[in-house]
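>>> Turn this into a structure:
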Amino acid sequence: MTDVNIPLILYLKLILLTMVPFVLAGQGTMVGGRAGVFNVAQEGIMLCSASIGFLASYYTGNLGMGILAAMVVGGIFGLALAYFTTTLKMDQFVIGLALFFVGLGLSTLLPKLLIGVTMTPPLIPTLNNIPIPLLSEIPYIGEVFFNQNILVYVSVLLSIFLWWGLYKTSFGLSLRSTGESPQASDSLGINVTFMRYLASIVGGALIGLAGVYLPMVYTGTFTEGMVKGRGWLAIALTFFGGWKPLNILIGALFFSGVEILAYKVQITALGIPYQFLLMLPYLATIFVMIFTFRKPTVPQFLGQNYDREKRSL
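Residues are numbered from 1 along each chain as shown. Here you go, the predicted structure:
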């Protein structure tokens with residue numbers, strides 16, 4: 001019997017596999033929010049990026065091109081959010097919802113225009129596992145942590161890098177101060193507009209990467225609505241993690257664990273309606289948010305537009 005056939009080992013392996021969209025979308029939300037830009041278009045960005053990333057991979061035969069295309073699409077959404085809110089001073093929540101619907105519409109339109117309606121779904125190769133030499137051979141632990149696809153490793157390393165960048169570098173201090181008090185940052189010579197644009201674009205790119213993960217790992221094809229609310233859960237995850245990279249990583253493990261548990265219970269034929277099981281991740285979200293919001297930790301200027309002309313008011 002191999003390690004992967006042991007139920008607990010398989011369960012833990014699947015948790016790491018499914019945490020990636022939560023981690024990437026949550027970190028993307030966090031990066032933008034640290035500069036005061038609150039992105040609520042995650043669901044639409046993930047859908048659109050999944051669609052375009054899939055199409056790019058399908059027509060080029062290269063998964064790397066699909067990943068790049070998805071990140072570019074997410075970055076464009078982030079750029080649009082920054083432009084409308086930072087330059088034009090429009091309401092962040094309203095613009096976020098508008099971008100959500102744009103992404104939702106494009107995600108269904110583009111495949112129909114470029115591929116059309118087919119009897120069998122077009123497929124792309126899925127990402128293969130990359131076992132890390134020596135480490136993957138460690139009993140039990142090696143199979144769970146060191147025999148995953150590359151984006152699992154990227155999501156963990158990214159979380160560590162973001163923690164280091166935010167709390168151990170002067171640039172991270174400037175970014176955090178922009179989301180806490182842009183007036184004070186401006187007075188210290190920090191380019192608030194640049195910070196908000198950069199954070200929004202990088203955050204959007206990470207959300208786009210979260211979206212393209214789904215067809216490249218889960219299905220090998222794009223289907224309408226395949227994000228299934230993960231974008232909305234990413235927002236809750238960011239609040240749950242206190243807008244801190246490592247906490248978001250831990251929270252993503254919890255969210256993915258609940259998701260995998262729901263599917264496992266569903267196939268055990270316990271007589272529980274599957275509709276209730278599909279609700280479990282959202283019920284868990286409500287439960288944890290009840291305790292999280294007792295002591296909310298959010299950037300002080302989150303969701304607010306900074307007007308330099310009014311900074312003295």
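>>> where does Ser187 sit relative to Arg308, distance-wise?
Going from Ser187 to Arg308 by Cβ to Cβ, to the nearest Å gives 10 Å. (C-beta placed from N, C-alpha, C; glycine too.)
>>> And Pro245, by the same measure?
29 Å.
>>> now Gly116
From Gly116 to Arg308 the distance is 50 Å (Cβ to Cβ).
>>> more crowded one of the two?
Using other Cβ atoms under 10 Å, the more surrounded residue of Gly116 and Arg308 is Arg308, with 11 against 8.
>>> so that one touches Arg196, yeah?
No - applying Cβ atoms under 8 Å as the test, Arg308 and Arg196 come out as separate, 11.9 Å apart.
>>> residues near Ala236, how many?
For Ala236, the number of neighbouring residues by other Cβ under 10 Å comes to 22.
>>> Quick check, it in contact with Ala284.
No - the criterion here is Cβ under 8 Å, and Ala236 misses it with Ala284 at 9.6 Å.
>>> So what touches the helix or strand harbouring Leu233?
Assigned by DSSP states H and E, Leu233 belongs to helix 230-240. Helix 230-240 has contacts (Cβ atoms under 8 Å, 6 or more residues apart in numbering) with 21-22, 25-26, 28-30, 33, 40-47, 207, 210, 247-248, 251-252, 255, 281-282, 285, 288-289, 292-293, 296, 298.
>>> Now do the helix or strand just after it: which elements does it pack against?
Tracing the chain past helix 230-240, the next element assigned as helix or strand by DSSP H and E is helix 245-266. Packing partners of helix 245-266 (3 or more Cβ pairs under 8 Å, 6 or more residues apart in numbering; DSSP states H and E): helix 7-34, helix 150-168, helix 230-240, helix 274-292.
>>> Distance to Gln92 and mean pLDDT added to these, as a markdown table?
Converted to a markdown table, those look like this (distance: least, Cβ to Cβ, whole Å; pLDDT from 0 to 100):
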| stretch | distance to Gln92 | mean pLDDT |
| --- | --- | --- |
| helix 7-34 | 10 | 94 |
| helix 150-168 | 21 | 97 |
| helix 230-240 | 13 | 92 |
| helix 274-292 | 20 | 71 |
